[in-house]
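Colleague: Turn this into a model:
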Amino acid sequence: MSKQAKRTKTWTGDTTVAHALDAAVKLVKANANAKFDESIEIAVNLGVDPRHADQQVRGVVALPSGTGRDVRVAVIAKDAKAAEATAAGADIVGGEELVERIQGGFMDFDRVIATPDMMALVGRLGKVLGPRGLMPNPRVGTVTPNVAQAVKDAKGGSIEFRTEKTGIIHAGIGKASFSDEALLINVKAMIDALNKAKPSGAKGTYIKKVSLSSTMGPGFKVDQASISA
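Modeller: Numbers count the residues shown, from 1 in each chain. A predicted model of the protein is given here:
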């Protein structure tokens, strides 16, 4: 699509007002007209300043309807735990040799899980995985002795979230091909997880704005009262 075509694209629905959640979902899906199955994304503006340690928001949520994505999982483990990860469906499994591959630029994965005994080695990857939000962390269940369950969760629709520098959370919560109900359930699960992850340092209004969009479509504001309805 040319830049001119993008400028003259006519969207369905009003992007300036807040819509009830079910209406916002319908509008987002109606505007997902690309030739591929567009991702549906949520953006939540939080009343926090992530520069302060007690206002950082990070966690994991299991989306009941899944993500619609084939998540590639890498597991850093050895011996019996490596075998467990492989049996659970991990895409890449290895120990020190996998750490060295990642240090060398290998990044063909979406999630990294590690066992606690491997963290001395995994620590070398902070500068590589940290900026991409992929560094294993016990707070979100990606540093765990139960690698089999962690792999199954990642494959089954468990996603990580964390605040960006501006205090906004972005996350994919499904595909345009999902039913309205499936997307509604995922949105509510995401908001519930954010509320549970509210940091002690958050003051005033915590969830300030929620919007939904598709990969190629416009964003639609969501009336927050309708999410808990």
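
Colleague: Can you give me the pLDDT of the nearest residue to residue 46 once chain neighbours are set aside?
Modeller: Spatial nearest neighbour of residue 46, excluding adjacent residues (Cβ to Cβ, 6 or more residues apart in numbering): residue 167 at 5.0 Å. C-betas here are computed from N, CA, C, even on glycine. With respect to pLDDT, residue 167 has a value of 93.

Colleague: Distance check, residue 167 against residue 186.
Modeller: Between residue 167 and residue 186 the distance is 22 Å, computed by Cβ to Cβ, to the nearest Å.

Colleague: In terms of neighbours, single out the busier of those two.
Modeller: Under the criterion of other Cβ atoms under 10 Å, the comparison of residue 167 against residue 186 puts residue 186 first, with 28 against 19.

Colleague: And the residue nearest to residue 46, how far from residue 194?
Modeller: Separation of residue 167 from residue 194 (Cβ to Cβ): 12 Å.

Colleague: Now for the two: what residues contact both?
Modeller: residue 46 (Cβ atoms under 8 Å, 6 or more residues apart in numbering).

Colleague: Name the single longest helix found in the chain.
Modeller: Ranked by number of residues, the top helix in the chain under DSSP state H is helix 180-196.

Colleague: Name the residues of it that are buried.
Modeller: 182-191, 193-194 (16 or more other Cβ atoms under 10 Å).

Colleague: Adding distance to residue 151 as columns, could you present those residues in JSON lines?
Modeller: JSON lines is the format used below for the buried residues of helix 180-196 (distance: Cβ to Cβ, whole Å):
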{"residue": "182", "distance to residue 151": "23"}
{"residue": "183", "distance to residue 151": "25"}
{"residue": "184", "distance to residue 151": "28"}
{"residue": "185", "distance to residue 151": "23"}
{"residue": "186", "distance to residue 151": "21"}
{"residue": "187", "distance to residue 151": "25"}
{"residue": "188", "distance to residue 151": "26"}
{"residue": "189", "distance to residue 151": "20"}
{"residue": "190", "distance to residue 151": "22"}
{"residue": "191", "distance to residue 151": "26"}
{"residue": "193", "distance to residue 151": "20"}
{"residue": "194", "distance to residue 151": "25"}
